[in-house]
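Visitor: Turn this into a model:
(one chain, ligands or ions: 2)
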Amino acid sequence: MVIDGEWVAAHNGQTREIINPFNQEIIAVVPEGDREDAKRAIQAARRAFDHGEWPHMPAADRGKKLFKVAELIDQNNEKLAELETLDTGKTLVESRADMEDIAGVFRYYAGLADKDGGETIEPPMPDAVSRVVREPVGVCGMITPWNYPLLQASWKLAPALAAGCTLVLKPSEITPLTTLKIAELMEEVGFPKGVVNIVTGPGATVGAELSESDQVDLISFTGGIETGRKIMQAASGNMKKIALELGGKNPNIVFADSDFETTVDYAMNAVYFHAGQVCSAGARLIVEESLHDKLVNELLKRVKRIQLGNGMDESTQMGPLTSAEHRAKVERYIAIGKEEGAKLLIGGKRPEGKEYEKGFFLEPTVFDGCDTKMRIVQEETFGPILTIETFRTEEEAVRIANDSVYGLAGAIWTQDLNRAQRVSKSLRMGTVWINDFHPYFPQAPWGGYKQSGIGRELGKTGLEEYTEQKHIFQNLNPQPMGWFK
Ligand SMILES: NC(=O)c1ccc[n+]([C@@H]2O[C@H](COP(=O)([O-])OP(=O)(O)OC[C@H]3O[C@@H](n4cnc5c(N)ncnc54)[C@H](O)[C@@H]3O)[C@@H](O)[C@H]2O)c1
Ligand SMILES: C[N+](C)(C)CC=O
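Guide: Ligands and ions are numbered 1, 2, ... in the order given. Sure thing, here's the model as predicted:
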């Protein structure tokens with residue numbers, strides 16, 4: 001890991017084996033840091049912020065460095081993609097696309113770094129000037145999940161560095177490899193020491209230290225809702241700023257007038273992409289009753305054809321789940337769905353065959369006859385499970401879709417664009433897609449309503465999250481007030 005510009009082992013020499021979820025082979029051994037390592041990294045980031053050049057460097061120069069990182073990511077796209085696939089199990093095609101997105105994020109914030117020079121405002125008194133400027137928030141703690149390891153890291157690294165912050169990043173303990181690789185690329189670009197620190201290790205120690213430390217000014221977290229709650233509590237000690245990107249249980253609302261072929265195609269992609277391990281997965285299909293039978297029949301035909309396999313194999317459409325623990329959790333949800341009376345139409349078990357024996361595979365699964373009282377509809381299973389609910393009216397569709405503690409994303413399929421606009425206004429979600437599913441890009445903010453999170457990543461807001469606003473007021477003609485004579 002990287003602390004204060006040096007590649008170091010964990011202070012106590014502990015290590016962790018990183019496993020390929022396709023065959024359980026050990027692909028790497030990484031340091032298993034603890035609170036002590038996190039403290040050292042925080043101190044390094046603190047020194048680099050309080051006494052270093054990075055926060056004071058012209059923003060355009062910080063931007064140039066980020067452009068170079070983007071170039072190196074492009075040059076190393078294949079290597080990084082392979083590493084991500086070996087570590088997570090996702091298909092190589094997905095990993096390559098992730099790397100392109102990641103380079104795009106660095107490029108976007110490289111360009112944005114020097115665009116906000118502050119603003120002059122009109123003070124309500126004569127002979128005065130007022131300026132509002134943005135300054136880096138300080139030392140940032142960053143904690144990332146295992147499903148999109150480098151992508152989620154890039155959404156934090158690029159804006160924080162553009163803003164002039166220093167940081168300590170803790171990747172998920174089970175998928176740290178691409179985060180360590182990008183630290184190598186950043187070393188090649190040359191960031192001042194202590195600006196970028198990477199500490200590998202568990203959430204309960206390294207993550208908790210970052211969240212609790214009074215030397216950290218902001219904690220940015222992407223992960224599950226329960227961990228988010230703990231981080232929010234831990235952050236209250238020094239009132240550090242918090243940015244939380246949490247889970248979702250995202251409705252995919254299909255009206256009977258939608259374009260059938262495109263809708264079915266996207267409904268599959270919405271839920272089974274990356275084996276459903278996507279915060280914005282379209283895991284709840286909410287379909288107009290009159291279209292239900294036709295849509296379900298076609299879905300089942302296509303689900304049967306999904307090609308499971310090694311993510312490294314170009315013909316694979318869906319890889320294994322990322323860990324044995326996670327597969328066990330998803331299997332528990334399948335059992336819960338059956339107990340709740342949902343009708344299992346397909347899947348619900350591990351695939352048979354020698355090629356699947358060692359991997360953490362689970363068949364794509366469809367439950368019909370679902371409703372919002374069921375746990376499989378309310379809770380994030382984070383696996384290849386689709387639940388189907390039906391509606392008769394537009395109002396009912398909206399009510400069902402909003403009946404959730406989450407509010408991350410959702411989609412509407414219809415050719416009636418007035419209806420699409422009406423429904424999009426009624427959905428309590430951070431992102432609404434009309435006749436599409438899944439697009440996200442650096443220019444548009446990303447984040448959740450309700451318990452899906454606090455704050456936004458990406459877009460201009462994603463940069464502002466890493467800044468404090470300062471109002472600088474100058475009296476141009478100071479005279480005694482004469483109040484206390
Ligand atoms: N909203 C988004 O943009 C987005 C994106 C990706 C993933 N997610 C969510 O992430 C979740 C899946 O990821 P996960 O299983 O890795 O989540 P998780 O909450 O289990 O872990 C996320 C990170 O938090 C760390 N952590 C665990 N306990 C901690 C503690 N007490 N203090 C500090 N850090 C701690 C983990 O080590 C890991 O690095 C899903 O809920 C998914 O929806 C959300
Ligand atoms: C934010 N996203 C969609 C890239 C990953 C969510 O898990």
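Visitor: Phi and psi next, for K470.
Guide: Phi and psi for K470, reported as degrees, to the nearest 10, are phi -130, psi 130.
Visitor: S452 too?
Guide: Dihedral angles phi and psi of S452 (degrees, to the nearest 10) take the values phi -80, psi 0.
Visitor: Okay, it and ligand 2: tell me how far apart.
Guide: Here the criterion is CB to the nearest ligand atom, to the nearest Å. By it, S452 lies 11 Å from ligand 2. Quick note: C-beta positions are derived from backbone N, CA and C, even for glycine.
Visitor: got the residues of the stretch 1-150 of the chain near ligand 2?
Guide: Proximity of the stretch 1-150 of the chain to ligand 2 is confined to N147, Y148 under the rule CB under 6 Å from any ligand atom.
Visitor: Can you check what pLDDT the model gives the residue nearest the centre of the chain?
Guide: The structure's the chain has its C-alpha centroid closest to Q152; by CA atoms, centre = their mean the separation is 4.5 Å. Here, the pLDDT recorded for Q152 equals 98.
Visitor: how close does the residue of the stretch 351-485 of the chain found nearest ligand 2 get to W155?
Guide: Distances between the stretch 351-485 of the chain and ligand 2 by CB to the nearest ligand atom are smallest at Y440, namely 5.5 Å. As judged by CB to CB, to the nearest Å, Y440 and W155 stand 10 Å apart.
Visitor: number of nearby residues for the residue of the stretch 251-400 of the chain found nearest ligand 1?
Guide: Each residue of the stretch 251-400 of the chain has a distance to ligand 1, by CB to the nearest ligand atom, and the smallest belongs to C279, at 3.3 Å. Applying other CB atoms under 10 Å, we find 26 other residues in the vicinity of C279.
Visitor: in terms of contact, does it touch L408 like I think?
Guide: Yes. Look at C279 against L408 with CB atoms under 8 Å: they come within range, at 6.0 Å.
Visitor: and the residue nearest to the centre of the chain, what helix or strand is that in?
Guide: When elements are defined using DSSP states H and E, Q152 is found to belong to helix 149-163.
Visitor: which secondary structure elements does that helix contact?
Guide: The contact analysis (3 or more CB pairs under 8 Å, 6 or more residues apart in numbering; DSSP states H and E) places helix 149-163 against helix 59-75, helix 77-88, helix 92-112, strand 139-143, strand 166-170, helix 177-189, strand 218-222, helix 459-464.
Visitor: Just send those back as CSV, with mean neighbour count too.
Guide: Listed next are the helices and strands packed on helix 149-163 as CSV, based on neighbours: other CB atoms under 10 Å:
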stretch, mean neighbour count
helix 59-75, 18
helix 77-88, 23
helix 92-112, 21
strand 139-143, 30
strand 166-170, 30
helix 177-189, 19
strand 218-222, 27
helix 459-464, 20
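Visitor: Output these as a markdown table; include the columns mean pLDDT.
Guide: As requested, the helices and strands packed on helix 149-163 are exported to a markdown table (pLDDT from 0 to 100):
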| stretch | mean pLDDT |
| --- | --- |
| helix 59-75 | 98 |
| helix 77-88 | 98 |
| helix 92-112 | 98 |
| strand 139-143 | 99 |
| strand 166-170 | 99 |
| helix 177-189 | 98 |
| strand 218-222 | 98 |
| helix 459-464 | 98 |
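Visitor: could you dump those to a markdown table with distance to P445?
Guide: Output for those, formatted as a markdown table (distance: least, CB to CB, whole Å):
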| stretch | distance to P445 |
| --- | --- |
| helix 59-75 | 19 |
| helix 77-88 | 25 |
| helix 92-112 | 12 |
| strand 139-143 | 18 |
| strand 166-170 | 21 |
| helix 177-189 | 23 |
| strand 218-222 | 14 |
| helix 459-464 | 4 |
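Visitor: Can I get the ones you listed in JSON lines including distance to ligand 1?
Guide: Converted to JSON lines, those look like this (distance: least, CB to the nearest ligand atom, whole Å):
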{"stretch": "helix 59-75", "distance to ligand 1": "19"}
{"stretch": "helix 77-88", "distance to ligand 1": "11"}
{"stretch": "helix 92-112", "distance to ligand 1": "12"}
{"stretch": "strand 139-143", "distance to ligand 1": "5"}
{"stretch": "strand 166-170", "distance to ligand 1": "6"}
{"stretch": "helix 177-189", "distance to ligand 1": "10"}
{"stretch": "strand 218-222", "distance to ligand 1": "5"}
{"stretch": "helix 459-464", "distance to ligand 1": "11"}
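Visitor: Grab the nearest non-local neighbour of N147.
Guide: For N147, ignoring the flanking residues on the chain, the nearest one in space by CB to CB, 6 or more residues apart in numbering is Q277 at 4.5 Å.
Visitor: How about N23?
Guide: Distance criterion CB to CB, 6+ apart; nearest residue to N23, sequence neighbours excluded, is K358 at 4.6 Å.
Visitor: Would you quantify the distance from the one you found to R350?
Guide: In this structure, K358 and R350 are separated by 11 Å, where distance is defined by CB to CB.
Visitor: got it, and P149?
Guide: Computed with CB to CB, the distance linking P149 and R350 is 25 Å.
Visitor: Which of those two has more residues huddled nearby?
Guide: Legend: neighbour count by other CB under 10 Å for P149 and R350, higher for P149 (26 against 16).
Visitor: what residues are up against the more buried one?
Guide: Contacts here follow CB atoms under 8 Å, 6 or more residues apart in numbering; on that basis P149 touches E84, D87, T88, P171, S172, T175, P176, L177, T178, T179.
Visitor: quick one, what contacts the residue nearest to N23?
Guide: F22, N23, Q24.
Visitor: quick one: which of those has the most company?
Guide: Counting neighbours by other CB under 10 Å, F22 leads the contacts of K358 with 24 neighbours.
Visitor: ok, and for stretch 205-223, which residues are buried?
Guide: By 16 or more other CB atoms under 10 Å, the buried positions in stretch 205-223 come out as 205-213, 215-223.
Visitor: whoops, I mixed them up, stretch 254-266
Guide: Across stretch 254-266, burial judged by 16+ other CB under 10 Å covers V254, F255, S258, T263, V264, Y266.
Visitor: what's in contact with it?
Guide: With CB under 8 Å, 6+ apart as the test, stretch 254-266 has contacts from 252, 267, 282, 285-288, 290-291, 294-295, 298-299, 302, 394, 397, 411-416, 419, 435-437.
Visitor: List buried residues within these.
Guide: The neighbour-count test (16+ other CB under 10 Å) applied to those identifies 252, 267, 282, 285-288, 291, 295, 298-299, 394, 397, 411-414, 419, 435, 437 as buried.
Visitor: Mind checking which of the residues you listed are in helices?
Guide: Of the buried ones among the contacts of stretch 254-266, the ones assigned to helices by DSSP state H are A267, L295, E298, L299, E394, A397, R419.
Visitor: Can I get those residues in CSV including distance to ligand 2 and pLDDT?
Guide: Rendered in CSV, the data for these read as follows (distance: CB to the nearest ligand atom, whole Å; pLDDT from 0 to 100):
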residue, distance to ligand 2, pLDDT
A267, 17, 98
L295, 24, 98
E298, 26, 98
L299, 22, 98
E394, 27, 98
A397, 23, 98
R419, 26, 98
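Visitor: Kindly reformat those as CSV containing distance to T365.
Guide: As requested, those are exported to CSV (distance: CB to CB, whole Å):
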residue, distance to T365
A267, 14
L295, 17
E298, 17
L299, 12
E394, 29
A397, 23
R419, 31
